[in-house]
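In: Give me the fold of what follows.
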Amino acid sequence: MQQQISVITLGVADLARSKRFYAEGFGWKPVWQNDEIAFYQMNGFVLGTWLKTALAGDMKQAATAGPGAYSLAHNVTDPLEVSKTLERLADCGGTLLRAADQPPHGGLRGYVADPDGHAWEIAWNPHWPISPEGYVTAKF
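Out: Numbering: from 1, shown residues only. Sure, this is the predicted structure:
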């Protein structure tokens with residue numbers, strides 16, 4: 001089976017609040033949206049933010065689980081962008097979880113949660129180059 005992710009959908013409580021975080025914080029523009037969902041075209045997959053009640057209904061579940069033991073990551077090409085991105089996302093409704101610092105393996109990283117508690121790692125890693133199209137390659 002091909003190794004790929006087509007769509008990641010996050011359940012959100014308030015679509016307008018979520019769009020402020022993603023559109024103003026990251027600078028991403030929805031490629032399609034309605035009153036319940038917004039889709040953002042990423043580099044090779046789509047990110048969706050969907051009202052939790054509608055997402056649960058689509059899955060035929062009473063409710064969706066909340067954010068848990070995972071994080072999404074957004075890598076940047078310059079270490080100076082880590083703190084700037086964390087600050088901008090916090091200013092757009094996010095919550096700073098961990099200020100930028102250097103992990104034991106090198107690079108720089110920090111964490112911010114979106115308004116619904118979904119954790120995002122903002123990172124610069126010299127061993128994970130980013131192409132001009134935004135594709136990250138892990139080089140070990």
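
In: Asn75 pairs with what?
Out: Ala123 (DSSP bridges).

In: can you pull the contacts of it?
Out: With contact set as Cβ atoms under 8 Å, 6 or more residues apart in numbering, Asn75 has these partners: 123-125, 128, 130, 136. Placement of C-beta: from N, CA and C, glycine included.

In: Let me have those in JSON lines, adding pLDDT and neighbour count as columns.
Out: Listed next are the contacts of Asn75 as JSON lines, based on pLDDT from 0 to 100; neighbours: other Cβ atoms under 10 Å:
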{"residue": "Ala123", "pLDDT": "96", "neighbour count": "22"}
{"residue": "Trp124", "pLDDT": "96", "neighbour count": "20"}
{"residue": "Asn125", "pLDDT": "94", "neighbour count": "20"}
{"residue": "Trp128", "pLDDT": "91", "neighbour count": "15"}
{"residue": "Ile130", "pLDDT": "93", "neighbour count": "15"}
{"residue": "Val136", "pLDDT": "90", "neighbour count": "15"}
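
In: mind giving me CSV with those residues and columns for distance to Ala62?
Out: Formatted as CSV, the contacts of Asn75 follow (distance: Cβ to Cβ, whole Å):
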residue, distance to Ala62
Ala123, 36
Trp124, 41
Asn125, 40
Trp128, 39
Ile130, 40
Val136, 36
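
In: And the residues you listed, which is closest to Ser6?
Out: Of all the contacts of Asn75, Ser6 sits closest to Val136, with 17.2 Å by Cβ to Cβ.

In: Now the closest one, what are its backbone angles?
Out: With angles defined as degrees, to the nearest 10, Val136 sits at phi -100, psi 140.

In: Wait, it touches Ile130, no?
Out: Yes: contact criterion Cβ atoms under 8 Å: Val136 and Ile130 qualify, at 5.4 Å.
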